[in-house]
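A.B. asks: What follows is a protein structure lacking sequence information:
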């Protein structure tokens with residue numbers, strides 16, 4: 001079986017499980033499912049950060065447990081805390097992550113890495129829960145931005161890639177791939193505009209901003225893997241690597257997208 005066939009088959013299996021869960025799972029079950037995904041990603045993050053095996057497992061379990069415990073524990077205070085998580089994630093991705101990559105920071109101290117893992121994954125869990133509560137179409141439509149960008153960038157990079165985007169961080173990524181993703185997302189924004197009646201230019205601006213964050217999230221994880229001397233965050237998903245490899249772009253895009261939607265709802 002070729003790597004491409006393995007990659008496609010794994011993607012089909014994931015979609016066959018994930019999409020029905022998005023559409024039919026009640027809120028409480030969805031929160032448990034995504035807490036499991038966050039736990040797996042947290043474990044891989046801890047291993048990339050050179051945590052001992054036992055400590056990595058404890059870290060993953062704690063982060064998943066905290067995610068599940070926060071909404072009932074905070075009760076009426078959860079919406080405000082959730083908003084704070086989205087703001088925290090936006091601050092990290094818009095300010096800290098670009099400086100991290102430009103400065104090629106190692107930030108290898110376990111406490112720093114543990115804190116960054118929380119900033120990456122807890123707001124992502126909150127965003128997945130928030131977007132799911134707004135309806136399957138809202139969640140899938142938001143996820144599609146990262147999926148379309150990733151697929152189009154991969155295809156355009158393979159066909160036309162000549163100019164490296166960040167060779168010292170991720171040699172495989174090209175400017176042609178980014179432009180291919182931008183073109184595909186422009187079409188997607190047009191389709192969304194036609195389907196929802198939302199202004200096309202506003203949608204295009206939001207989608208372009210989320211593409212930037214998607215690329216940033218991908219590059220950030222690539223830098224962490226390079227520091228760890230690893231190609232993938234794990235080997236759980238044949239052809240795709242680890243769970244963190246599949247959600248790296250989502251950790252940057254979903255909290256910001258959820259924050260934008262939350263702001264629009266409160267402004268209406």
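C.D. replies: Noted; the coordinates are in hand. Fair warning: this is a prediction, and the values are worked out from it, not measured in the lab.
A.B. asks: Now do the helix or strand bottoming out on mean pLDDT in the chain: which elements does it pack against?
C.D. replies: Ranked by mean pLDDT, DSSP states H and E, the weakest helix or strand in the chain is helix 3-24, scoring a mean of 75. Using 3 or more C-beta pairs under 8 Å, 6 or more residues apart in numbering; DSSP states H and E, the elements in contact with helix 3-24 are helix 27-48, helix 136-160. Placement of C-beta: from N, CA and C, glycine included.
A.B. asks: Tell me where the model's unsure across this protein.
C.D. replies: 1-8, 237-240, 268 (pLDDT under 70).
A.B. asks: Which is the succeeding secondary structure element to the biggest helix by length in it?
C.D. replies: As assigned by DSSP state H, the longest helix anywhere in the chain is helix 200-228. Sequence-wise, the next helix or strand downstream of helix 200-228 (DSSP states H and E) is helix 243-267.
A.B. asks: From the chain's centroid, how far away is that following helix?
C.D. replies: 8 Å (C-alpha atoms, centre = their mean, to the nearest Å).
A.B. asks: Which strand or helix spans residue 118?
C.D. replies: Using DSSP H and E, residue 118 falls in helix 110-133.
A.B. asks: sorry, back to before: so what's the gap between the longest helix of the chain and the chain middle?
C.D. replies: 9 Å.
A.B. asks: still on that earlier bit, just name the most buried of the helices and strands packed on helix 3-24.
C.D. replies: helix 27-48 (a mean of 21; mean count of other C-beta atoms under 10 Å).
A.B. asks: Kindly reformat the helices and strands packed on helix 3-24 as CSV containing distance to residue 249.
C.D. replies: Below are these laid out as CSV (distance: least, C-beta to C-beta, whole Å):
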stretch, distance to residue 249
helix 27-48, 12
helix 136-160, 5
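A.B. asks: Counting by contacts, list what the helix or strand encompassing residue 178 packs against.
C.D. replies: Using DSSP H and E, residue 178 sits within helix 175-196. Contact partners of helix 175-196 among helices and strands, from 3+ C-beta pairs under 8 Å, 6+ apart: helix 136-160, strand 164-166, helix 200-228.
A.B. asks: Quick one: work out the angle between it and helix 136-160.
C.D. replies: 150 degrees (axes from the mean of the first three to the mean of the last three C-alpha atoms, to 10 degrees).
A.B. asks: Okay, buried residues for helix 175-196 please.
C.D. replies: Neighbour-count burial for helix 175-196, counted by 16 or more other C-beta atoms under 10 Å, picks out 175-182, 184-185, 188-189, 192-193.
A.B. asks: and the closest residue in space to residue 193 that isn't next to it in sequence, what is it in contact with?
C.D. replies: Nearest residue to residue 193, sequence neighbours excluded (C-beta to C-beta, 6 or more residues apart in numbering): residue 200, at 4.0 Å. Residue 200 sits next to 189, 190, 193 when contact means C-beta atoms under 8 Å, 6 or more residues apart in numbering.
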